[in-house]
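Visitor: Got a sequence here, can you model it:
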Amino acid sequence: MYDTDKRKLLSALCHGAIFFSTAFVSVGIPIAMLFVSDDPVVKENAKEAINFHFNVWLYGAIITVLIVVTLSLLLPLAGLGYLLHWGLTIWALANVLSDPDKPFRYPFIFRLL
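Guide: This next block holds a predicted model:
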């Protein structure tokens, strides 16, 4: 059996890495957890966090291009993007801390892993 507290901590660290940095640290921590941990739930949470962070980068780039092309007419779209980004991250953290035996799945993202 796997340690529940360790599972909670590592899973929350995978999803919460985006709070440290939106650049490479946000993906580096889940990648490290993917290779270091032997817990299958932590591995699934790490994969899901990596997929989510790549989606955040992709959607951020698309929103930036749309804002530039429309001469800032779609600037409110950036606010919506931030709300979704932070809201989904907080939802994931709450979920892995309240139910550590089940990996969290983000809705509406493309999964590469």
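Visitor: so the residue of the chain most remote from its centre is in which element?
Guide: Centroid-distance maximum for the chain: residue 71 at 29.4 Å, with C-alpha atoms, centre = their mean. Under DSSP states H and E, no helix or strand contains residue 71.
Visitor: Now it. Its backbone dihedrals?
Guide: Residue 71 adopts backbone torsions of phi 60, psi 50, taken as degrees, to the nearest 10.
Visitor: In this protein, which helix is the longest?
Guide: Using DSSP state H to define each element, the chain has its longest helix at helix 40-69.
Visitor: same for it, what does it pack against?
Guide: With contacts taken as 3 or more C-beta pairs under 8 Å, 6 or more residues apart in numbering; DSSP states H and E, helix 40-69 sits against helix 4-16, helix 25-36, helix 75-98. Placement of C-beta: from N, CA and C, glycine included.
Visitor: Just the buried positions in the first one, please.
Guide: Yep, that's helix 4-16 we're talking about. Under the neighbour-count criterion of 16 or more other C-beta atoms under 10 Å, helix 4-16 has 7, 8, 10, 11, 12, 13, 14, 15, 16 buried.
Visitor: OK, contacts around the first one?
Guide: Applying C-beta atoms under 8 Å, 6 or more residues apart in numbering to residue 7 gives the contacts 39, 41, 42, 100, 101.
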